[in-house]
Every structure is written in C-alpha cells, then in structure tokens.
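Engineer: structure for this input, please:
(chains A and B)
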Amino acid sequence: MKERLIVIGNGMAGIRTLEELLKLDADRYDITVFGDEPYGNYNRIMLSPVLAGEKTIDEIMLNDDAWYQDNGVTLNKGKRIASINRSKREVIAEDGSSLTYDRLLIATGSTPFILPIPGNDLDGVVSFRDISDVDQMLAVADKSKHAVVIGGGLLGLEAANGLMEQGMNVTVVHLPETLMERQLDTVAAGMLQQSLEERGLHFLMQAQTESITGKDRVEGVRFKDGSGISADLVVMAVGIRPNYTLASESGIHCERGVVVNDTLQTFDPSIYAVGECVQHRGEVYGLVAPLFEMAKVCANHLAHHGIGRYEGSVTSTKLKVTGIDLFSAGDFIGDENTEELVFQDAARGVYRKLVVQDNKIKGAVMYGDTIDGTWYFDLLRDQTDISDIRQHLLFGQAHLGDSGHGDENRVAALSDDAEICGCNGVCKGDIVKAITEKKLFTLEDVRAHTKASSSCGSCTGLVEALLSHTVGGDYSTAPHLKPMCGCTEHTHDGVRAAIKDQQLKSVRAVMDTLEWDSEDGCSKCRPTLNYYVFCQWPDAGSDDNQSRFINERVHANIQKDATFSVIPRMWGGGTTPDELRAIADVADKFKVKTVHVTGGQRIGLYGLKKEELPEIWGDLSKAGMVSGHAYGKALRTVKTCVGKEWCRFGTQDSTKMGVALEKMTWGSWTPHKYKMAVSGCPRNCAEATIKDLGVVCVDSGYELHIGGNGGIKVRVTDFLCAVKTEAEVLEYAAAFMQIYREQAHYLERTAPWIERVGLNYVKEQIVDDNDNRKALAERFLFAQTFVQDDPWKERAEGTDRHEFEPIKTIS
Amino acid sequence: MSEQNNWIEIGKLDDIPVLGARVVNREEGDIAIFRTADNEVFALHDHCPHKGGPLSQGIVHGHKVSCPLHDWKISLETGVAVAPDEGCAARFPVRVEDGVVYLSLSSD
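Structural biologist: Next comes the predicted model:
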C-alpha cells in the first residue's frame, strides 16, 4: 500500500515540492492537496501584471486541474484545514471531514498584515495577496476614481502602479521617509519616487494612518496629523506575515514561522514545511527563489533520497513595474567597516552602489540600468575577491570584455528578432514567448524549452536578464550550492572532495557512494565524473570510455554530417617538409574534402569516415606525427611566433619555449579545452594575452599571463607574474595547469574560473607560495607520465577496434 | 514483435559495449544497436530527429541516448525525443537469445 502524503496549501511552494517529488518518485505516495482558494496552482508573483492589465489570470496558472488528475493528485479546492491531530496523524477540515497521513507537508504561505486601526474591515479595504484581492481591486477600479495604497514597499508600489494602469488616481501612503527602505538606499529610493511621480502616482511620505473612514464602504483615510484624503479603495500593503497559525495550534514549534531544519522537517519529523510560512536558521523568506530551493530539498527527503540540505538563501529584489529597472541584494547600506563604490548619472537616471568589505561584495543597489544585477549577485553569493576587477566593477561585466555584446546587453531594448544564443540560434522573441506561454521561471526551464544558453553558456547572463525582465523579478536564480546536474544533489566541489577523501576511483564508485539519483547518470555528469576521477587518480583511476563524449572516445572531432576531422600536432606551430608531405599524402589517399589551417597553427583534415580513422592515423604515425587533441577537453595548441631566431624585435626564443611547453603538457586532460601561446616580444604576435596561459617574452625574461579567452566572450588575460628563466616558465605553467585541473568545475574554462575564484587566490597559491607551486607542478608532471602515449598510434594498432567497425553490414 | 519479422543475426551481445552502441551498416541508412547498463538491447534508426546526428555515437544513460551533436535525449524504448523536445527516430525490433543479437529490418 502506498504511503499517504497530505499537502496543506495549494500555492507555489507546496505544488513546486510536489512537482519535484513526482520527478523523483511518482509512485511512492497517495497525494492529497488542500487549498483555501478556489483555483488551481497559479504564479502569485505575476499578480502585479494581472492587476496592471498586462496579463490575464489564465496566463498565470501554473498547473490546471488536468495536471492534478494526470499525476493522480487529489485536489480539494476551497477546503480549509482546521486542525492537525498529530497523535492520530490526521488532518481535520473545517467541514469536519478528516484524512490520515504518513507524511504531512505544511505550505500555508503568508498572510497580509492588516493595520489594527478603525475601519480596517470596511468594504473596499483589501490586501494584495491573491486572485480575489485582484478581482476586488479591478471591480472598484472599473467604476471609481480614488485609490489609496498604504505601504510604499515592493508590494505596495506594484499595487499602486497596477491601479494607476487601470485608470485610477492613486496615492501611496508611506510611514518611513523613503520608499522601499528595506531594499533601497535613499538615493535610489529618491530616483524611484521621482520616476513614479512622473508617471502620475502621488505620495504622502512619513504619513501615519490613524483610521479608515466610511460607513459601510470606505470613504477616506485619516492621518495622525489630522489631515485626510478621500478614497474609494484602500489597499493595505504594509507587509506579510508567515502563516503558521495552524501549525502552532497543532503543537508544532513555531517562532516567527514554522521552525524547520535543513531538511525542511519541523519538530515533528513526519511533518515538513516549506515556503513563506517557515523559519529556517532564523530567517523567513518572502520571495520565490528560496522557496524553489526548499522545494527541491524537501522533495528529495520525501522521496527517501535523503541527501539534500537547504542551507539558506541569499536573495535579491526587483520591482515588477514595467519600465522601472531596480535591483537590490544583500547588505546595501553598509556600516563603518564597509566601503562604498558608487556610480551616479542623474541625467541618464542611472545609479548603482556596491557595498564592499575585504574586497568582497556585501550588497548592491541599482536603479535605471540593472543589466549587471545578476552578475553582481553572483559575485556576492560566491564571495569572489574583486580586487583585480575593482576599477572596472561599476561599469559592469560588459566592460570586462564581453566583446561585441557590450551595447546589446540592454536586453530590454532589444528587438524580438535579436539573437541571444548564437550557438542555437535563439532570438529574444523565442525566449520571451517560451517564458510567457510555458510559464517558465528558472534558467534550467528556459534552457530545456528553448535551448538558449544550453551550449557554450556565454549568453547565460543575457538569458537570466531576459528572464527577470519577463517574469518581472524574483525568478529563481541558481541556488548558492548548485548540484552538478539533475542526477544528484551534490555540487561539483562536493563530488571532487568525495572522490579524494573516499578514494573513489571509478565513475561507478562515485555514483554508488554518493547515491546517484539515476541509474547511470546522464550525458552531463558522466563525462564530468570521469574527468574528476582521472584527474584525482592519474595512476589508479579507471578511465570509463563510455562516459566520454564521442570526440574523446575516438580521438577525432565529430562534424555536423557525422564525418570526423583530425588534426596532427605541430609542436609550437612548427612543421617540416616531411610532415607536410605526409599530410598531403593522407589527404590524397583518403580523398580528404577539406584541408584547413586552424587558428592554432595546425592543419586540419575534414570529412573523414569513422571507419577510415585508424588507417589515417597509422599513416600519420608512421610519419612521426601524434594526435593534436583538437577534439578533447585537453591541451590543444601552443601558438608561437618566431621570436629572436628570426624576428628583429624578438627578445627570447619563443618558438623553443613553445615547443618545450607543448612537449611538457601534451596529452593532459583539462576541465575544458586549454590553449597556450608564447610571444617573442610585447608586440604579442602569437596573441598570448587571450590564451589560458600566455607567455610574453621581454628583455628581462618572461611575463606570465593567465585566464584569457579568445572565444565567444573575449577576455584578456590577467598578469600573473614575471619570471627570469625557461625552467621557471615551465614550473609555473605546470602548476597553473594543475591547479586549474584540480579546482575548476568540468566545462569551466580558465576565464570564468578565475572570475569565480579571483586572481588573488591564484596568485597566493602559485606566486606567493613556493612550496605549493612546486607541489602542484610535481603532481602535474606525475600525471603526465600516464598520458603521453599517442592515442592514435594505439588505435591504429587495434585498440578499441569495435568503435570503428560496424557490427554488421547489410548490402 | 510478430513472428513474421525477418530476424537476422547481427552479432554477439558482448560485441556491443555496455552503455554503448554499434552500427549496422545498410544502404537505406544505418541502424544503431544500443546496450544499456541492465543489458537490454535496443535498435533505432541512427539519425537524430533534430539534425540527423548519429545516435550511435552518443552517450547512453538509463534507457536513453544523448545525441552527440546537440545533446537531444532520445528514448531507446520508443525512439521519441524526451520532452520538451519533439521528434522521433524509427525503432527496430531486436532480441537477444543465448548471447546472440537478432534484428528485424521492418521498423515499427
């Protein structure tokens, strides 16, 4: 017999938890949901656009009746639970009926706070919380003129804007001196107020409401100072309170909300609680992003997986008033220990302030242009050391070298046919349409439905910005501790630590030990695990071929027509007539369609049939050439110029240096592709300053640069240090490659990795700490002793023959 | 699977790597033969419904394969793309007897 799960609350938190649970284990429970409201599950954060007439109720429904039926969930609409009998494990509804549970989920959300003043129960006094509130407001707006909104916070301003859009004359009454004082500093609040006034809203600041006047219906609002204002509608938007009455009356420990632990269990372990009704580690949340994180963890435990932990959320705020860009996160006020970075351009209506402590962002407020909000928020959550980007920080991420996209970054102003995701050809209009029609509000959902940002990821910031513009704000940002993929709750770092600490030496061992949710992972986590295992145990880890992407499995690059390309290595960009002849012979013999010189100073052969690969490699091997690893997450090329041997400006032998670097590093696997270059003088002809590691030769020795990227998102390297000898270059290069190999997440190139951990961190590890640098370099060289065998030669001799031959040919 | 299907022997189960695939070459288009972790065998037209990627070259996980070109996930049991993607690769009957794999060329 199935276990019985009862959910009290048919809102976003409860149903999101069910969605997550059904994904993990659809058959474990008989599920019954009780909801106060007579509707299915809707997107409460979209009520503001409904009020403003930008959306309809139908458009904000998340799960309709059919969803409940399809998933075998019994929904009791408009049926309120009066009490919980914990000893009998049953819930009793107001109509006297009862139902027993094995596990109970409380998701009662929050209730609007109603000022305890005379007249608060008159007709025409409403809160702004659910569909019926919106219906009431719309009904009044239809025939009356004057609305008063009490509360100049997020919700109040959204309500005021909506009513104004409905044609009402709206006055916002606010007790503090400035609007949204919990989210904005005085400057941003002032700009916001001015902008709203220009749109036609009226404000009464520092006004304390004494009573609401009227006989049966509201007629006006009276203030402490004796003044008054007439009103046909009064909206109370002075805050929300976690709704924990039911839990509390049932003897569950509550403080400011239902107290839950990191697994979202209350003090009664068979009762869980999620969403705005809970208090977790002393915090209560009124935004949607934390709620989604809670839902995921709670579902994980309800499904008996029991490995997720909710550790709290950092939240950010946006105002859902169309045309007003406003963002805030963290501690944006600061204190005597913090510094402020401020950018203000009153004429353009742009303001941004960052609160910084110990070179880490503590909080941010932005007004007018919030495109970089998600970026600052990431830096804040990750506690990235910003000392090296500090001077550009206020100008935004575009200024760090988002080449070609800088001005386009204003997503709101983009036309619908502007391409957002270049890899998959997805335009702004496609994304906005998917978000609206399919009711998406996480980045993952947008990726699944549109493919935008699902390939190289360079447009992720744009997609997130579009999401927040379209959904209106508090969409779900990536949780602080992001699981590696849908198959596990563990993070990249957690998995790597476990592989090391628990001596896990195969993909299977990792999945078994860490209780993977899926039988054998997915196309994302398996290659990741394989890399992590191999990186940690170069000598003893088992390399799982079936967990490698086809390119690495067959050591050639799959092309769009299912043919392959191969690129032989040309050490440091040099070649010989014999090598060129061998390549030409292979091209002739196998009727190669395209011979192309790559950007990394090598020659690529394209359009090869898979079956022919071993023979082609055999021929190239005989000519002394080895695989260029142009297909792998591995060391690709070391680009060089001719340096002082030929060049009249060359200061060092850059070609020889490049060859030495390539001989040392070839064959190594890395989290993502890895490129190096050596330029013989500061003219930098080998373009060393956009490589993962660049060496620029100068008279006094060598400058080392790291973290460059010449790809879609151009990033110029950061200067690491200068060294004097070739031996030092090799040691630093090995150490840097190893720390990247050991610490970056799979598929994270050096550029984003350095932006995540901070250049200072890398300097501390490699430049300041001599012992650590030497140890890293040693580990790198040790690992290299196991990989510098040419994979082509092995396969030409018969390794993995099954990969290249059909199992059967039918003529 | 009806008895009328013309079963042909294509090779041994052990010739197919676990969590991998082999290809049956034929003029009308290759057929990919997959072997899953639980030793089940499936056969699909080796052609992703998205842009024709060779499914035989993808990563097999569960009873699904991820296309090597754009990572669409195709169900090995039905040939249907995993939602929200839409599309379908033709499915061929396949069975294993005494460690030998038999394929029927009449797709269903």
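
Engineer: where does the residue nearest to the spatial centre of chain B sit: helix, strand or coil?
Structural biologist: By C-alpha atoms, centre = their mean, chain B has its centre lying nearest to residue B:43, at 2.8 Å. Assigned by DSSP: H, G, I helix; E, B strand; the rest coil, the conformation of residue B:43 is strand.

Engineer: quick one: residues contacting it.
Structural biologist: Residues in contact with residue B:43 (C-beta atoms under 8 Å, 6 or more residues apart in numbering or on different chains) are B:24, B:31-34, B:91-94, B:103. Glycine gets a C-beta too; all of them are placed from N, C-alpha and C.

Engineer: for those residues, which one is nearest chain A?
Structural biologist: Nearest to chain A out of those is residue B:24 (C-beta to the nearest C-beta; 4.9 Å).

Engineer: tally of neighbours for that closest one?
Structural biologist: Other residues within reach of residue B:24, judged by other C-beta atoms under 10 Å in any protein chain shown, total 24.

Engineer: now residue A:805
Structural biologist: 15.

Engineer: name the nearest residue to it, ignoring sequence neighbours.
Structural biologist: The shortest distance from residue A:805 to any non-neighbouring residue, by C-beta to C-beta, 6 or more residues apart in numbering or on different chains, is to residue A:611 (6.6 Å).

Engineer: likewise for residue B:76?
Structural biologist: Leaving out its chain neighbours, residue B:76 is closest to residue B:42 (C-beta to C-beta, 6+ apart), at 3.9 Å.

Engineer: surely the one you found meets residue B:31?
Structural biologist: No: applying C-beta atoms under 8 Å, one finds residue B:42 not in contact with residue B:31, separated by 10.5 Å.

Engineer: ok, the two, which is more surrounded?
Structural biologist: residue B:31 (29 against 22).

Engineer: apart from its neighbours in sequence, what residue is nearest the more buried one?
Structural biologist: Excluding its sequence neighbours, the residue lying closest to residue B:31 (C-beta to C-beta, 6+ apart) is residue B:24, at 4.3 Å.

Engineer: mind listing what that neighbour touches?
Structural biologist: By C-beta under 8 Å, 6+ apart, residue B:24 lies in contact with A:806-810, B:10, B:30-33, B:43, B:103.

Engineer: could you redo the last one with a cut-off of 10 Å?
Structural biologist: Contacts for residue B:24 were tallied using C-beta atoms under 10 Å, 6 or more residues apart in numbering or on different chains; they are A:806-810, B:8, B:10-11, B:30-33, B:43, B:46, B:56, B:92, B:94, B:101, B:103, B:105.

Engineer: low pLDDT regions in chain B?
Structural biologist: In the prediction, chain B carries residues with pLDDT under 70 at positions B:1-5, B:108.

Engineer: now do the strands in it.
Structural biologist: Counting by DSSP state E, one finds strands in chain B at the ranges B:7-12, B:20-26, B:31-35, B:41-45, B:59-61, B:64-66, B:73-75, B:91-92, B:94-97, B:100-104.

Engineer: off-centre distance for the longest one?
Structural biologist: In terms of C-alpha atoms, centre = their mean, to the nearest Å, the gap separating the centre of strand B:20-26 from the centre of its chain is 8 Å.

Engineer: how much does that strand deviate in direction from strand B:41-45?
Structural biologist: Orientation of strand B:20-26 against strand B:41-45 (axes from the mean of the first three to the mean of the last three C-alpha atoms, to 10 degrees) gives an angle of 50 degrees.

Engineer: may I see the buried residues of strand B:20-26?
Structural biologist: If you call a residue buried by 16 or more other C-beta atoms under 10 Å in any protein chain shown, then strand B:20-26 has these buried ones: B:20-25.

Engineer: what does the first one give?
Structural biologist: Buried residues in strand B:7-12, counting neighbours by 16+ other C-beta under 10 Å, are found at B:7, B:10-11.

Engineer: can you redo those as a markdown table with distance to chain A?
Structural biologist: Output for the buried residues of strand B:7-12, formatted as a markdown table (distance: C-beta to the nearest C-beta, whole Å):
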| residue | distance to chain A |
| --- | --- |
| B:7 | 13 |
| B:10 | 4 |
| B:11 | 4 |
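
Engineer: select the longest helix from chain A.
Structural biologist: When chain A is parsed with DSSP state H, its longest helix is helix A:726-743.

Engineer: keeping just the C-alphas, turn that one into PDB.
Structural biologist: Provided in PDB are the C-alpha atoms of helix A:726-743 (Å, rounded to 0.1, in the frame of the first residue of the first chain):
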ATOM      1  CA  GLU A 726      62.700  29.000 -19.000                       C
ATOM      2  CA  ALA A 727      62.700  26.500 -16.200                       C
ATOM      3  CA  GLU A 728      60.600  28.800 -14.200                       C
ATOM      4  CA  VAL A 729      58.200  29.300 -17.000                       C
ATOM      5  CA  LEU A 730      57.700  25.500 -17.200                       C
ATOM      6  CA  GLU A 731      57.200  25.200 -13.500                       C
ATOM      7  CA  TYR A 732      54.700  28.000 -13.300                       C
ATOM      8  CA  ALA A 733      52.900  26.700 -16.400                       C
ATOM      9  CA  ALA A 734      52.600  23.200 -14.900                       C
ATOM     10  CA  ALA A 735      51.500  24.500 -11.500                       C
ATOM     11  CA  PHE A 736      48.800  26.700 -13.100                       C
ATOM     12  CA  MET A 737      47.500  24.000 -15.300                       C
ATOM     13  CA  GLN A 738      47.400  21.600 -12.300                       C
ATOM     14  CA  ILE A 739      45.500  24.000 -10.000                       C
ATOM     15  CA  TYR A 740      43.000  24.600 -12.800                       C
ATOM     16  CA  ARG A 741      42.700  20.900 -13.400                       C
ATOM     17  CA  GLU A 742      42.200  20.200  -9.700                       C
ATOM     18  CA  GLN A 743      39.800  23.000  -8.800                       C
END
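
Engineer: beyond that helix, next helix or strand please.
Structural biologist: helix A:750-757 (DSSP states H and E).

Engineer: by contact count, what packs against that following helix?
Structural biologist: When contacts are defined as 3 or more C-beta pairs under 10 Å, 6 or more residues apart in numbering or on different chains; DSSP states H and E, helix A:750-757 sits against helix A:373-382, strand A:701-706, strand A:718-723, helix A:726-743, helix A:759-763.

Engineer: coming back round to it: tell me which of the strands of chain B approaches residue A:447 most closely.
Structural biologist: Across the strands of chain B, residue A:447 has its closest neighbour in strand B:73-75 (13.0 Å, C-beta to C-beta).
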